[in-house]
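Participant: what's the 3D shape of this:
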Amino acid sequence: MRLLLVEDDAMIGEAIRTGLRRDGFAVDWVRDGDSADRVLRTEQFDLLLLDLGLPRKDGLQVLKSLRARHETLPVRRVRATIPAASSTSWTLAVISA
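Facilitator: Numbering: from 1, shown residues only. A predicted model of the protein is given here:
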């Protein structure tokens, strides 16, 4: 299964990509909405993992462009949070979109 990960944070993106590759997925990773839009027009993927807070073009704009082209690619929203300023742990959620 080939996935496109769209995440601008290097630490989060690397963690997701490493984990998914370890589980046997092929993962392409881009870090902004414009790059995601370009790749989605030319490449085929089985799943899109999409952060909404992206530079150059936000994730909702990427999703709107995808659906305007009548693409039926499954999309899951990626969100990471740090619970408190003093905490060094973070939580990753993949949410159905």
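
Participant: Distance check, Asp8 against Asp28.
Facilitator: With distances taken as Cβ to Cβ, to the nearest Å, Asp8 is found 15 Å from Asp28. C-beta: built from backbone N, CA, C; applies to glycine.

Participant: Those two: which is more packed in?
Facilitator: More crowded of Asp8 and Asp28, by other Cβ atoms under 10 Å: Asp8, with 17 against 14.

Participant: neighbours around the residue nearest to that one when sequence neighbours are not counted, how many?
Facilitator: Spatial nearest neighbour of Asp8, chain neighbours left out: Arg31 (4.8 Å); criterion: Cβ to Cβ, 6 or more residues apart in numbering. Residues within reach of Arg31, counting by other Cβ under 10 Å, total 17.

Participant: In stretch 31-38, which of the residues would be classed as buried?
Facilitator: Neighbour-count burial for stretch 31-38, counted by 16 or more other Cβ atoms under 10 Å, picks out 31-33, 35-37.

Participant: how about those residues, which pair is most distant?
Facilitator: Arg31 and Asp37 (12.8 Å; Cβ to Cβ).

Participant: Where do the helices of this structure begin and end?
Facilitator: Along the chain, counting by DSSP state H, helices occupy 10-22, 33-42, 59-68.

Participant: May I see the buried residues of the first one?
Facilitator: Residues of helix 10-22 classed as buried by neighbour count (16+ other Cβ under 10 Å): 12-13, 16-17, 20.

Participant: Could you list every helix and strand in contact with that helix?
Facilitator: The helices and strands touching helix 10-22, judged by 3 or more Cβ pairs under 8 Å, 6 or more residues apart in numbering; DSSP states H and E, are strand 2-6, strand 26-30, strand 75-81, strand 91-96.
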